[in-house]
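J.: Here's my sequence, what's the structure:
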Amino acid sequence: MTKEELAARLPGAFPGLPEEAARGLPVYRGKVRDVVRGEKALLLVASDRLSAFDRVLSLLPCKGEVLARISAWWFERTADIVPNHLLPGGSPRELPGTGRATLVRRAEMLPVEVVVRGYLAGSAWRDYAAGRPISGIRLPEGLERNEKFPVPLVTPSIKMQEGHDQPISGAELVERGVVEARLWAEVEKAALALFRRGQELVARNGLILVDTKYEFGLVEGKLILADEIHSPDSSRYWYAESYRRRLEAGEEQRELDKEPFRRWLLERGFAGEGEPPAIPDPVRLETAWRYVQAYEAITGEDFEPRGAGPQAETAALARIISERLA
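T.: This next block holds a predicted model:
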């Protein structure tokens, strides 16, 4: 896909699944995903909504399809570490007429986001620079921004219904009874193994997986990986070839995620509170183009959208819901 082709799709980004397409089934709307709840399965529909600092701010063409297809790519390559929620025939490449839908099994979700960090970057750096612990972890003084940790850190947060998630230590999670001790040990082990696999695979394409978020659930009492994995929305990527030089020069790393968009917002005084700035089309296009580049850099495959526009995709999604959920 060329940047010009992507620009032509700016007016036709997919805002979300219309209520009537759900065929009467309940729909949960997250910041990016719409979740249609069937009796035994869920349909995850990745919209083109762009969120930052827990606020939905704009629409980016093809964003949802990029997210859904990257996660499916990773689910296939990590299923030997921990089972995931993907159902047979339910990946975005198998469901007809759209590339943004994923059919998954229902799970009892753990109320925790599990963030694994390999480097002192992003919100971890901001907390560290302000003298705050990172999910209860007090790091030694004298660390540099974007420095690699000797071993990755597991930094969980409790998911909140409204507002920002609450960072918490693993020990506190267990002490409060949020997650039972044996289950939390299993979650930590799985998260670190997934992160290692992610780092190993993207290193072959000249990338660094810096940090990422995982969500886990239980199906019949067994741990599974759910939601998304190693997508540009849930993960931070850098280009490996320039990492050391930029670190030593104190420069920003060359990134493959939406962190530049977050910085664009911060430069205009927006960090999630108050009225957000208007997002002009050139910024939307550049941010959307980063998602397409991320897909190609991570998977090593050319990105060609499968969706033919919101109207056609809505019809395809309604058929999938009728045939697989209703």
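
J.: quick one: terminal-to-terminal distance for stretch 223-243?
T.: Using CA to CA, to the nearest Å, one end of stretch 223-243 lies 35 Å from the other.

J.: Ignore what I typed, I meant stretch 81-94.
T.: Using CA to CA, the two ends of stretch 81-94 sit 23 Å apart.

J.: Show residues contacting that stretch.
T.: 41, 65, 68-69, 72, 75-76, 78, 95, 98-105, 107, 190, 193-194, 197, 216-217, 219, 222-226, 229, 306, 324 (CB atoms under 8 Å, 6 or more residues apart in numbering). Every C-beta, even on glycine, is put in place using the N, C-alpha and C of the backbone.

J.: Relative to residue 275, how far out is the residue most central in space within the chain?
T.: Nearest residue to the geometric centre of the chain (CA atoms, centre = their mean): residue 234, 2.6 Å. The gap separating residue 234 from residue 275 is 27 Å, by CB to CB, to the nearest Å.

J.: cool, residue 111 as well?
T.: Counting by CB to CB, the gap from residue 111 to residue 275 is 31 Å.

J.: The two: who's more crowded?
T.: residue 111 (13 against 7; other CB atoms under 10 Å).

J.: need the contact list for residue 222.
T.: Residue 222 touches residue 83, counting by CB under 8 Å, 6+ apart.

J.: in the sheet, who's paired with it?
T.: residue 219 (DSSP bridges).

J.: can you pull the contacts of the residue nearest to the centre of the chain?
T.: By CB under 8 Å, 6+ apart, residue 234 lies in contact with 212-214, 227-228.

J.: Filter the residues you listed down to the buried ones and express that as a PyMOL selection.
T.: To isolate the buried ones among the contacts of residue 234 in PyMOL, judged by 16 or more other CB atoms under 10 Å, type:
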select buried, resi 212+213+214+227+228
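
J.: from the contacts of residue 234, which ones fall inside strands?
T.: 212-214 (DSSP state E).

J.: now for the longest helix along the chain, which elements pack on it?
T.: For the chain, the helix with the greatest residue count under DSSP state H is helix 181-203. Counting contacts by 3 or more CB pairs under 8 Å, 6 or more residues apart in numbering; DSSP states H and E, helix 181-203 packs against helix 63-78, strand 112-119, strand 148-158, helix 170-175, strand 207-219, strand 222-226.

J.: got JSON lines for those, with distance to residue 31 too?
T.: Formatted as JSON lines, the helices and strands packed on helix 181-203 follow (distance: least, CB to CB, whole Å):
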{"stretch": "helix 63-78", "distance to residue 31": "12"}
{"stretch": "strand 112-119", "distance to residue 31": "13"}
{"stretch": "strand 148-158", "distance to residue 31": "15"}
{"stretch": "helix 170-175", "distance to residue 31": "23"}
{"stretch": "strand 207-219", "distance to residue 31": "13"}
{"stretch": "strand 222-226", "distance to residue 31": "16"}
